[in-house]
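Visitor: Okay, sequence plus prediction incoming.
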Amino acid sequence: MDAPIGDPERPSVKVEAGASALEVAATLAPHGQAEVLALEVDGEVVDLERRVPRGGTARALTFDDPLGRYTFWHSSAHIMAQAVSRLFPEVRLAIGPPIAEGFYYDMELPRPLTEEDFPAIEAQMRRIVAEDLPIVREEWTRQAALEHFARQNQPYKVEIIQDLPPDAAITCYRQGEFLDLCRGPHLRSTGYVKAPKLLSLAGAYWRGDERRPMLQRLYGTSFPTEAALTAHLALLEEARRRDHRKLGKELDLFTFEPEAAGFVFWLPKGMVVYRTLEEYSRQLQLSHGYVEVSTPWVYDVSLWKRSGHFDHYKDNMFFIPREDEQLGLKPMNCPGAALAFGSRVRSYRELPLRLMEYGALSRYERSGTMHGLFRVRGFVQDDAHIFLPEEDIAAEVGRILDLVDEVYRPFGMSYRIHLSTRPDDAMGEPQLWERAETALAEALAAHGRPYDLKPKDGAFYGPKLDFDLFDSLHRPWQCATIQLDFQLPRTFDLTFRGRDGQEHRPVVLHRAILGSLERFIGILTEHYAGAFPPWLAPVQVRVLPIAERHGDFAREVLERLVAAGIRAELDASDEKFGQKIRRAQLEKVPYMAVVGDREVESRTVSVRTRLEKDAGSRDLDAFVAEVADVIARRLASPAVAVDHA
RNA sequence: GCUGAUGUAGCUCAGUCGGUAGAGCACCUGCAUGGUAAGCAGGAGGUCUCGGGUUCAAGUCCCGACAUCAGCUCCA
C-alpha cells in the first residue's frame, strides 16, 4: 500500500502520550463533515477508544482518508467473519485485511460457498451492524492467546501467533460474541458500517503458498452510506462495461486464438490504432533527439548468459534449441542496444546517444497469468536506451520528464511519480547509488514534480522512476518507467572517448513512456470506453447517403475526405437510413456526414457526431477542414457544432 | 503453474430425464429508396473445443488435454 502523505490542509494538533484519542478527535472534527473513524498520530492509526501511545501530531481520519477507509474496511472484514461464524460455527479463520477497494477474509469452511450464500451472510452482517456492537481492543499474553485459539480450533490463528516475534504485543478485538486476533486498528463499533456488500469468492492458498491448504477467500466492500455503496457498484459495472477484451471484440480491433495463446492478432481496425499510436510516439521522440534502431530478436544463449538474463530471467524466456546451439528470443531490448552502442568507438560528442527501438519482445508468461492486452507473451514497447556520462543524468532525466508530459498530453490522464531507491540486494557501490538517487530527485525538483518515495524498491542494477497514470475511472496504471542502469555498460564493457582523450564508462538510462503499446491500447480502450478520439479512431468519418440517388455526391464527399488524409468510409449499403446511423453509432465513429436532397442541392453535409445528434450543416470544404483540424490537434472528441444551420 | 468455473452458428445465449441441435443479432439474396439508433421476406451457416471412456445411443455422464474467465502465485 502507498504510504499516504499527511495532508497539510487538514487540521492537526500536538498531543501527548496518554491523551484520550476520542477527546482529541472531538477537538479536530469539524462540524457537519464526515464522521471521524480513527486518529492518526505521526502516521500511526490509533483506535478512538485508546489512549495515544506516543505523543506527536494528530489528525482525524474519516472515510475520505486512505487510512480511514482501511480502518473502516478492516472492521468490515471482522463483521463479515463474525457473520460467517454465526452461520458456520466450524469456520477456521485465517486473515482478513483491507485492500484497495474493500476487504477480504480467508477462511476454511466445511463446504464450498457459492454466491447463493451471499444474501444470508449479508443479512447477518447487516444484523451485526444494527446491533451496533462496541469493538473492544484487548491485550493478551502470548500463552493465553495460544491456548484460547487452540481451544477454539483456530489453527491458522495459532500459527500466526507462533510466527510473531517473542516480544510482540498480542492484541485481540472483541465485538459481541466474536473475538479475533488482530493488530487493529478498528472502528469504535459495528454500527458505522451502514452499507456492506459481498462481491466475489475465490480460492487462495494459506500464506500464498501453493503447497499449503487452499482457503476460500470472500471479497467484500462497504461504505458509510447506501448511496456511496450504490455509486461504487455503478463504477464497478462501468468498468465491466469498458472491459477492453469485450470492446476489442465488438469493435473488431483484435483477437486471440488458441494456436498462439498470449499473442495478439491485430485486426485491420485495431492495427490503425496501433500504427497511429506508434507513429505518434516515433515522431515525437525523433523531435526530441532520439534515433531509431532495430536489433535482432533472436540471440545465441551466450548473449543472455552474459547479460544476466539467463540467470535472472530464464523462466520468462522462450528458447529455441538447435542441433549444437541454443537460441533465446529477446524479452528486453537492452543487450541489443548495448551491442549497437559498442559497435564502434564512441565520442563524448555523440552523447547522450538516445537509441529508441520498437522491438518485438517475447516473454513466457505462465498459463493463467495472461489477461487480454494487459498481460501478453508478445509485445512492443516504446523503448529507448540513452547512453550518457554520469554527470548528465539529472539534465537528461529532466528532458525525459518533458517528453513524458508531451506524450501523455492528448490522453488527458494525470499521473503520480514514484522514486524507488537502492534495494538490499543491489549491485554496485553505495556511493554510486547515492549519487544516482540524488540526480533523479534533483531532476524531479528542478521540474517541480511531486513524487512518492518507495524505499528499497529499485531494480538491482539501479534506482528508477515509475509513473502511475490515472484513467477516466481513476484507476492507476503503471506505464512510464525511467531506470538508471550502471551494470549494462560494465557487462558489455561500453566506453566512450572523453574530452580528455581517456576512455570513460557511460551510464544507461532505460526508459519507456507508453510502456507496451499493446497494453497501452488496452488502457486507452477502457479509458475512452472504446470511443477513441478522432485522431486514433479506426474510422474517422462515415459518409451516410440517405437514398441511392445521393450516391454520386456521397462519393465525392468521400473522395474529398480521403484526399485530405482522413480515414473516411462510405456506407453504400441499401439499409434504411436509421440503420446506417445506428451502425456508425455502435461502431463509435466520431463523425457522420449525412448526404440527402438538401445537401446535394447546396453541396453541404449535415454533420452528426457520436456525441451530438444534430451538429448542424457545413459547406463541404469547411467540414473537411474542421475534421482535419480536430485530428491534427489530437483533440479528445469530435468538435461540437458552432453554427446550427 | 495452482484452485474453481466455463467452452453449443461470426456474436450473445437456450437446449428438460442420455434418444443425431435452436433463438436473436450478424451474414447472403430479393423486395422496399427510406432525413438522424433496428423495414419486410427468404436463405445459408454446426466435427456441440479436442482426444479417450461408459452406453444400444453422449451436446448431455466419466477421464485427460487445450483455451478462456475469477482468484492465487508470478511479473513491474
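Guide: That came through, no problem.

Visitor: that's a helix at residue A:196, yeah?
Guide: No: per DSSP: H, G, I helix; E, B strand; the rest coil, residue A:196 lies outside any helix segment and is strand.

Visitor: My read is that residue A:459 contacts residue A:482, right?
Guide: No: assessed by CB atoms under 8 Å, residue A:459 is found out of contact with residue A:482, at 11.3 Å. Where you see a C-beta, it was placed from the backbone N, CA and C, and this is true even at glycine.

Visitor: Comparing those two, which shows the higher neighbour count?
Guide: residue A:482 (24 against 18; other CB atoms under 10 Å).

Visitor: any idea how far residue A:571 is from that one?
Guide: 46 Å (CB to CB, to the nearest Å).

Visitor: same deal with residue A:134?
Guide: In terms of CB to CB, residue A:134 sits 67 Å off from residue A:571.

Visitor: quick one, which of these two is more surrounded?
Guide: residue A:571 (19 against 14).

Visitor: residues touching that one, list them.
Guide: A:542, A:543, A:544, A:545, A:580, A:583, A:584 (CB atoms under 8 Å, 6 or more residues apart in numbering).

Visitor: Can you tell me the closest non-neighbouring residue to it?
Guide: residue A:580 (4.8 Å; CB to CB, 6 or more residues apart in numbering).

Visitor: which other residues reach whatever helix or strand that neighbour lives in?
Guide: For residue A:580, the host element (DSSP states H and E) is helix A:577-586. With contacts defined as CB under 8 Å, 6+ apart, helix A:577-586 is touched by A:542, A:544, A:546, A:547, A:571, A:573, A:575, A:592, A:608, A:610.

Visitor: Contacting RNA strand B as well, which ones from the residues you listed?
Guide: A:546, A:547, A:575, A:592, A:608, A:610 (CB under 7 Å from any atom of the strand).

Visitor: Return the members of those residues classed as buried.
Guide: A:546, A:592, A:608, A:610 (16 or more other CB atoms under 10 Å).

Visitor: surely the first one meets residue A:598?
Guide: No: at 9.5 Å, residue A:546 and residue A:598 do not qualify as touching, with contact defined as CB under 8 Å.

Visitor: is it true that residue A:422 touches residue A:457?
Guide: No: shown here, residue A:422 and residue A:457 do not form a contact pair, counting by CB under 8 Å, at 9.4 Å.

Visitor: who has more neighbours, these two?
Guide: residue A:422 (21 against 15).

Visitor: Give me the neighbour count for the residue nearest to that one when sequence neighbours are not counted.
Guide: Leaving aside its chain neighbours, residue A:422 sits nearest to residue A:433 (4.5 Å; criterion: CB to CB, 6+ apart). Counted by other CB under 10 Å, the residues lying close to residue A:433 total 20.

Visitor: quick one, phi psi at residue A:433?
Guide: phi -60, psi -50 (degrees, to the nearest 10).

Visitor: which residues does it contact?
Guide: Residue A:433 sits in contact with A:421, A:422, A:426, A:462, A:463, where contact means CB under 8 Å, 6+ apart.
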